[in-house]
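Q: just a sequence and a predicted model for now, questions to come.
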Number of protein chains: 2
Amino acid sequence: MKNIYENLGKEELSKKVSELRKQYEEYQALGLRLDISRGKPSPEQLELSMPMLDTLHSNVDYLSEDGFDTRNYGALTGIPEAKRLMADVMETRPENVIIFCDSSLNIMYDLITKSWTHGVMGSTPWYQLPEVKFLCPVPGYDRHFAITEYFGIKMINIPMLPDGPDMDLVEKYVSEDPSVKGIWCVPKYSNPTGTVYSEETCFRFARLKPAAEDFRIYWDNAYNVHHLDISRPRVIPELIEECRLVGNPDMVYKFGSFSKISFPGSSIAALAASPANVADVVSQMKIQTIGHNKINQLRHVRFFVDRIGVMNHMRRHAAIVRPKFEALQEVLSEQLSGTGLADWTNPEGGYFVSFNTLPGCAKKVVKMMKEAGVVLTGAGATFPYGKDPEDKNIRLAPTFASLPEIRKALQVFGCVVKLVSAEKVLSEMN
Amino acid sequence: MKNIYENLGKEELSKKVSELRKQYEEYQALGLRLDISRGKPSPEQLELSMPMLDTLHSNVDYLSEDGFDTRNYGALTGIPEAKRLMADVMETRPENVIIFCDSSLNIMYDLITKSWTHGVMGSTPWYQLPEVKFLCPVPGYDRHFAITEYFGIKMINIPMLPDGPDMDLVEKYVSEDPSVKGIWCVPKYSNPTGTVYSEETCFRFARLKPAAEDFRIYWDNAYNVHHLDISRPRVIPELIEECRLVGNPDMVYKFGSFSKISFPGSSIAALAASPANVADVVSQMKIQTIGHNKINQLRHVRFFVDRIGVMNHMRRHAAIVRPKFEALQEVLSEQLSGTGLADWTNPEGGYFVSFNTLPGCAKKVVKMMKEAGVVLTGAGATFPYGKDPEDKNIRLAPTFASLPEIRKALQVFGCVVKLVSAEKVLSEMN
């Protein structure tokens, strides 16, 4: 299908470029300072969790349900009620859960590090191997890729399809290449595409036959309860249990976090995995720490109680976030629908929209946006090594900005995408 | 000098053993359940920090002094006022400080890990070297030794003298052997001896001429403000500054923690080091995390404010802890002074007393104490690999137990030390 500019004559297109350039300069003159680059909750969302801070004060007790004083050393893997809360939200069993502090990124980093220095459940430490590879569904999450890049792990792009990563490719790599040790997955409302892995995709994951005994699926279910329409949540198969049922009990590390439920970086996060994996991880943890912040664990339990509390809380988050996604979709449609210049996702949850320009335009769009005062995630960030082979993917993150800011940012964006596209088509005519 | 049992005849000593055995069995019959094994604050000490939990509730603001919302992502190295508080307590400058969560053990673990996987300020990663060694003043802290052992780092015992580690030996190893990459130090009220490094020791540390460019002093100043008599605090030279002044600016990593000031494991901790070291560590941190718990940083600043607030708080800690150390000393003296069977330290701060039995008795003493219901730190724990070459050192930790419990535990301890000693002398007569 041709795009709208390819149908124009050269002169007509030149005129169009001039018009768009003029419009762009008018936007520049506004002196905007907008940022839709990162998946940050807005201040309104943070306010939702403020009552949590009133649950613990100097006149309440600080005992966990097994009588442990949460204010002192100990409870390496977490207090029982925090494990139960986290298990409830992560759809697994408390004995599969280890609670950490801050955020789940730290946990993933620690696991990659431990695998590299000491191996996985007794297998050869990765530093001793000639090569270690990770599969990376793309576009994906830049902070995942940064961890594997830091350890010199070779990252292999796997195309993201509408129902999840290309499983034919995943199965081929995982079953044939023993240097493939892992895959980064955000199975629900994926970063940045919003993709929800289909039941078949999840089932195929659980049934992988890895060539490497220490292959692990890094199942970062960061947006598990982050539905935009909480009355119609998407539910995917629980992978630890599915792996157990089909005889692959130790193949998955699952991650959960309250960072986008309560307070980013000041919440609790967890690893969930098989008992054998938990024991293996604890053998490293007990060298690293005496125990994480258990007062904060208690604070979360006293406020949220269980999955029911979390879901009603997430309903309030959705009420704030959904209009922003709707505004983004509305402006993008107004500006670009039917132009053939772009495509983008319309997710049902999570924090991002994935946007594709014409090939070769993303970097220039991001640069011109910046020059008009609107910060976007760097072009290429959604690919390993920051290299988008087609230079077309841009991640949009509408949660932090206000509604008017989002509308304004997306109007500028529409103009810039059209301008860069028109200039590209024009330059190819010459 | 002979001990009291060596002056006895065989028959007389046999009778003494029987008496002590009978007394021991009477203690056993009491069904005691006491624990003086770990350096844990008592519940009374934890109560001191309860008002801190009232400083942050839903009706205060959560902005750091530079206007940053501490409830959201960001502020990788900490909010400015937390750096200032920590710098104030650690006697260094805010720009030298990185704030972490939970406790300082995690920071030391991360630094050893980073050095092993990626090297120190561009030097060869330790995993690529045929051998890496650490100097370990003994007796020392078991959790330090556990970290280096976990990475297969060869640990070399350095005798602890009254004014710090044997610096002749330290200087020799550090200047001659490029595989010596670090030394574990607790420079004030050392774990477990209570040793305060002398000015000369600190000056000799700053003036080391390491054969390895990536040699670092791990200066774990865990008990910096934990004086038993806060009216007569011990003050040692500040090592980052001293190293800078003598041309070794990057040679020290200094650690501080609020774990034994506010809540163990739920506090804030910090690394302090030269700007070059800080930049090197941040290059790793930015892969590992988006930022630590900044709400907890703010909570600590709002309560403690600065060094003055901390010192008045530590005065309250000392009022609770000092009588326990005094009771311990009193019972030990009653039981063992002038016997020639043991020696022990009488620290001016910190959490521990180091106790030496006759050679070859420590394991048996700890075992018999356990069988009488009193848990001590495992014998050997104060040495690398858990191997006390003379089997004589025992760490006593009197802070957690109540005063009557401490008296009782030490009475049993006196009896057991005498019994095990008498049996040893007797067996050597045969």
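A: Thanks, I have the structure now.
Q: quick check, A:Tyr109 in contact with A:Ile147.
A: Yes. A:Tyr109 is in contact with A:Ile147 according to Cβ atoms under 8 Å; the separation is 5.4 Å. Just so you know, the C-beta spots here come from the backbone N, C-alpha and C atoms, and that holds for glycine as well.
Q: residues shared between the contacts of these two?
A: Contact criterion Cβ atoms under 8 Å, 6 or more residues apart in numbering or on different chains; residues bridging A:Tyr109 and A:Ile147 by contacting each: B:287-288.
Q: list the buried residues of the longest helix seen in chain A.
A: For chain A, the helix that runs over the most residues, judged by DSSP state H, is helix A:307-336. By 16 or more other Cβ atoms under 10 Å in any protein chain shown, the buried positions in helix A:307-336 come out as A:307, A:309-310, A:313-314, A:317-318, A:320-321, A:324-325, A:327-329, A:331-332, A:335-336.
Q: surely A:Glu199 touches A:Ile236?
A: Yes. The pair A:Glu199 / A:Ile236 is scored as a contact, 7.1 Å apart, by Cβ under 8 Å.
Q: ok, those two, which is more surrounded?
A: When A:Glu199 and A:Ile236 are compared for neighbours, A:Ile236 comes out ahead with 18 against 14, by other Cβ atoms under 10 Å in any protein chain shown.
Q: for chain B, see how far away that one is.
A: Distance of A:Ile236 to chain B, given as Cβ to the nearest Cβ, to the nearest Å: 25 Å.
Q: residues contacting that residue?
A: Residues near A:Ile236 by Cβ under 8 Å, 6+ apart: A:187-188, A:196-197, A:199, A:202.
Q: quick check on those: which are buried?
A: A:187-188, A:196-197, A:202.
Q: keep only those of these that are in helices.
A: Cross-referencing these against helices under DSSP H gives A:Cys202.
Q: format the buried ones among the contacts of A:Ile236 as a markdown table; extra columns: pLDDT.
A: What follows is the buried ones among the contacts of A:Ile236, written out as a markdown table (pLDDT from 0 to 100):
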| residue | pLDDT |
| --- | --- |
| A:Pro187 | 98 |
| A:Lys188 | 98 |
| A:Val196 | 98 |
| A:Tyr197 | 98 |
| A:Cys202 | 98 |
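Q: next up, the contacts around A:Ile158.
A: A:Ile158 sits next to A:135-138, A:165-166, A:169-170, A:173, A:183 when contact means Cβ under 8 Å, 6+ apart.
Q: for it, list each beta-bridge partner.
A: Under the criterion DSSP bridges, A:Ile158 forms beta bridges with A:Pro137.
Q: from chain B, how far off is it?
A: Using Cβ to the nearest Cβ, A:Ile158 is found at 22 Å from chain B.
Q: now that residue: how far from A:Ala409?
A: Relative to A:Ala409, A:Ile158 is positioned 31 Å away (criterion: Cβ to Cβ, to the nearest Å).
Q: and for A:Tyr127?
A: Separation of A:Tyr127 from A:Ala409 (Cβ to Cβ) stands at 44 Å.
Q: where does A:Phe355 land in three-state SS?
A: strand (DSSP: H, G, I helix; E, B strand; the rest coil).
Q: bridged to it, which residues?
A: Beta-bridge partners of A:Phe355, counted by DSSP bridges, are A:Trp344, A:Ile394.
Q: distance-wise, check it relative to A:Asn346.
A: Counting by Cβ to Cβ, the separation of A:Phe355 from A:Asn346 is 11 Å.
Q: again with A:Ile295
A: A:Ile295 is 41 Å from A:Asn346, where distance means Cβ to Cβ.
Q: if you count surrounding residues, which of these two has more?
A: Higher neighbour count among A:Ile295 and A:Asn346: A:Ile295, with 20 against 13, using other Cβ under 10 Å.
Q: now name the helix or strand holding that one.
A: Assigned by DSSP states H and E, A:Ile295 belongs to helix A:294-304.
Q: ok, now A:Met155?
A: Using DSSP H and E, A:Met155 sits within strand A:154-161.
Q: distance from that strand to the middle of the chain?
A: How far strand A:154-161 lies from its chain's middle: 15 Å, per Cα atoms, centre = their mean, to the nearest Å.
Q: give me the buried positions along it.
A: A:155-158, A:160-161.
Q: need the pLDDT of the closest residue to A:Tyr197 other than its chain neighbours.
A: Distances taken as Cβ to Cβ, 6 or more residues apart in numbering or on different chains place A:Gly164 nearest to A:Tyr197, at 3.7 Å, with adjacent residues excluded. In this model, A:Gly164 is scored at 98, pLDDT.
Q: tell me the phi and psi of A:Gly164?
A: phi 120, psi -170 (degrees, to the nearest 10).
Q: how many other residues sit next to it?
A: Residues near A:Gly164, counting by other Cβ under 10 Å: 25.
Q: thanks a lot, catch you later.
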